[in-house]
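Sequence first, predicted model second:
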Amino acid sequence: MKTPTNTDVRERALLVGLGLKRAPHLPGHPSDETARESLQELAELARSAGAVVAGSILQMREAIDPASVVGHGKLEEIRAEAQARRAPLIIFDRELTPGQQRNLERGVERRVIDRTQLILDIFARQARSREGQLQVELAQLNYLLPRLAGADPELSRLGGGIGTRGPGEQKLETDRRRIRDRVRRIGAAIETLRRQRALRRSARQSVPLGTVALVGYTNAGKSTLFNVLSRADVLVSSKMFATLDPTVRAVRLPSHRRVLVSDTVGFIRDLPKGLLAAFRATLEEVQQAALILQVTDISNPHHAEQDAEVDKVLAQLGVSDRTRLHVFNKIDRLDPETRKAMSTSNGNVFVSALEGTGLDELFCRIDEMITVDPMRRLRFSVPLSEGRKLALVHGLGRVLHSELRDSKMVIDAELPESLVRRLRLTPMEGS
């Protein structure tokens, strides 16, 4: 009888981090602390991409080697380490130039990818909507184009001298032209989808509803919080970038006003510029929001650095001055003493989306900060025959008192200003 064996088909990867000795760092903290944090994050990214982290190497240098990044001696060490750990893939924790990537692959005799390529792979795995898939493909093609000359050893490379001209050059140029054509087509398709999204947004805005966008570092718990706020069922995962496609849901506030809440892609340090540009259409939900909820995983010891990275991305999107509410999530992971010491005097809100702690306060704060479509108290009458109008009053407002007089319903209610105008309600005399 054969003994069953578990065969792990996941790709084994060796991670390589790089830090500069003269890089700015906090006093009293080791100079390699930031580089080690980034390397730990790279390990999470690799696992989210389906890889097995076989090991990691961190090198601190005075300056980056322009040809091989790490220098010839370290290159030999990386090759030996990858061979010993049976890792056919090496992932560098920085963006590599096409020349550096080719030099590294020749030196270590293995496939080499950088942080950007890894993030693109994760995005390609997670994209579900047509728009998300097109945006990822656009970023991938823009990344691939300058690297095409050395991407495949069977492709003849452009160069000078005898024996380097002819069919190889033509094939390479043909491949480049096809990629550029595909980039143009994808760009046009994304622009069409962007216009469609803008039309849907315009239709939503015809009934003035405040919009709230959840932003934050990847894996901060935005989707869990979004599900609790909106009673939705967006995918929640500990993997990084589990949410790529934006989801918009209506949420009712304590004042009975409705707002639209959108869940967006998580941010990360050194987010590839091409990726940010490719996801411009998706991130317009953030740019159009009346209120930004910045969600932070307070249980992460490096949450301050993560918030700084989120601030950088928001600045690139041009929304640094937008009204913002800082929500510290995952307080359930803190010890009781730390939770008692937390103060809301600075305007922040502390919640546990998993346990539901602090959500009432969060709803109230959102209600206070959303200035779109303010509430108005009104005493008016509606004929009983106008059932749709009565349904809207009860559905979108807060009825404080109602009584039947003759064939009319006299109502005292708090209603959104837009609903008062839409239903053409007039206050009763003496109210």
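Okay, I see it.

What spatial separation is found between the nearest residue to residue 252 once chain neighbours are set aside and residue 398?
Take residue 252 and drop its neighbours on the chain: the residue closest to it by C-beta to C-beta, 6 or more residues apart in numbering is residue 258, 5.4 Å away. The way it works is simple: take the backbone N, C-alpha and C, and place the C-beta from them, glycine included. Going from residue 258 to residue 398 by C-beta to C-beta, to the nearest Å gives 12 Å.

And residue 260, by the same measure?
Per C-beta to C-beta, residue 260 is found 19 Å from residue 398.

So between those two, which is more surrounded?
Remark: of residue 260 and residue 398, residue 260 carries more neighbours, 21 against 16, as counted by other C-beta atoms under 10 Å.

got a list of what that one touches?
Going by C-beta atoms under 8 Å, 6 or more residues apart in numbering, residue 260 touches 204, 209, 210, 211, 212, 248, 249, 250, 251.

Buried subset of the residues you listed as a PyMOL selection?
Restricted to buried positions by 16 or more other C-beta atoms under 10 Å, the PyMOL selection for the contacts of residue 260 reads:
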select buried, resi 209+210+211+212+248+249+251
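
Confidence-wise, which of the contacts of residue 260 comes last?
pLDDT across those is lowest for residue 204, at 63.

Stretch 197-206: how far from the chain's middle?
Relative to its chain's centre, stretch 197-206 lies at 22 Å (C-alpha atoms, centre = their mean, to the nearest Å).

Pull out the buried residues from it.
residue 197.

try stretch 352-363
352, 353, 354, 357, 358, 359, 362, 363.

With respect to residue 292, which of the residues you listed is nearest?
Residue 292 has its nearest neighbour among those in residue 362, at 13.7 Å by C-beta to C-beta.

any idea how far the closest one is from residue 327?
Applying C-beta to C-beta, the value for residue 362 to residue 327 is 6 Å.

phi, psi of the residue nearest to residue 257 when sequence neighbours are not counted?
What sits nearest to residue 257 in space, not counting adjacent residues and going by C-beta to C-beta, 6+ apart, is residue 416, at 5.5 Å. Main-chain torsions, residue 416, degrees, to the nearest 10: phi -60, psi 140.

isn't residue 416 right next to residue 395, touching?
No: Residue 416 lies out of contact with residue 395 (C-beta atoms under 8 Å); the separation is 11.2 Å.

Comparing the two, which residue is more hemmed in?
Shown here are residue 416 and residue 395; by other C-beta under 10 Å, residue 416 has more neighbours (24 against 11).

returning to that earlier point: touching, the residue nearest to residue 252 and residue 250? I think so.
Yes: Residue 258 is within contact range of residue 250, at 5.2 Å (criterion: C-beta under 8 Å).

hey, what's in contact with both of these two?
residue 209.

Please list the residues outside stretch 385-398 that contact it.
Residues from elsewhere that reach stretch 385-398, judged by C-beta under 8 Å, 6+ apart: 255-258, 375, 382, 384, 399, 407, 409, 411, 413-416, 419, 423.

Narrow these to just the buried residues.
Counted by 16+ other C-beta under 10 Å, the contacts of stretch 385-398 give 255-258, 375, 382, 409, 411, 413, 415-416, 419, 423 as buried.

need the helix or strand of this structure with the lowest average pLDDT.
In the chain, no helix or strand scores lower on mean pLDDT, DSSP states H and E than helix 273-278, which sits at a mean of 70.

Give the next helix or strand downstream of the longest helix anywhere in the chain.
Determined from DSSP state H, the single longest helix within the chain is helix 167-206. Under the assignment DSSP states H and E, the closest C-terminal helix or strand after helix 167-206 is strand 210-216.

by how many degrees do the very next helix or strand once past that next one and strand 210-216 diverge?
Remark: after strand 210-216, the chain's next helix or strand is helix 222-230, criterion DSSP H and E. Interaxial angle, helix 222-230 versus strand 210-216 (axes from the mean of the first three to the mean of the last three C-alpha atoms, to 10 degrees): 150 degrees.

Sketch out the low-pLDDT regions of this structure for me.
Scanning the chain for pLDDT under 70 picks out 1-8, 23-29, 31, 149-170, 204-208, 232-246, 277-282, 343-345, 372, 430-431.

now the strands for it?
Along the chain, counting by DSSP state E, strands occupy 12-20, 52-61, 89-92, 111-114, 210-216, 247-252, 258-263, 291-297, 324-329, 349-350, 375-383, 398-405, 408-416.

Adding distance to residue 305, write these out as CSV.
Converted to CSV, those look like this (distance: least, C-beta to C-beta, whole Å):
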stretch, distance to residue 305
strand 12-20, 14
strand 52-61, 17
strand 89-92, 21
strand 111-114, 21
strand 210-216, 13
strand 247-252, 28
strand 258-263, 23
strand 291-297, 11
strand 324-329, 15
strand 349-350, 19
strand 375-383, 40
strand 398-405, 43
strand 408-416, 40
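
Could you work out which of those strands reaches nearest to residue 182?
Nearest of the strands of the chain to residue 182, taken as C-beta to C-beta: strand 111-114 at 21.3 Å.

name the helices or strands packed onto the closest one?
strand 89-92, helix 98-108 (3 or more C-beta pairs under 8 Å, 6 or more residues apart in numbering; DSSP states H and E).

Outside of the shortest one itself, list whatever touches it.
Same thing as strand 89-92. Contacts for strand 89-92 (C-beta under 8 Å, 6+ apart): 11-16, 18, 42, 46, 51, 69, 78, 82, 104, 108, 110-115, 118.

Just the buried subset of those, please.
In the contacts of strand 89-92, the ones that pass as buried (16+ other C-beta under 10 Å) are 12-16, 18, 42, 46, 51, 69, 78, 82, 104, 108, 110, 112-115, 118.
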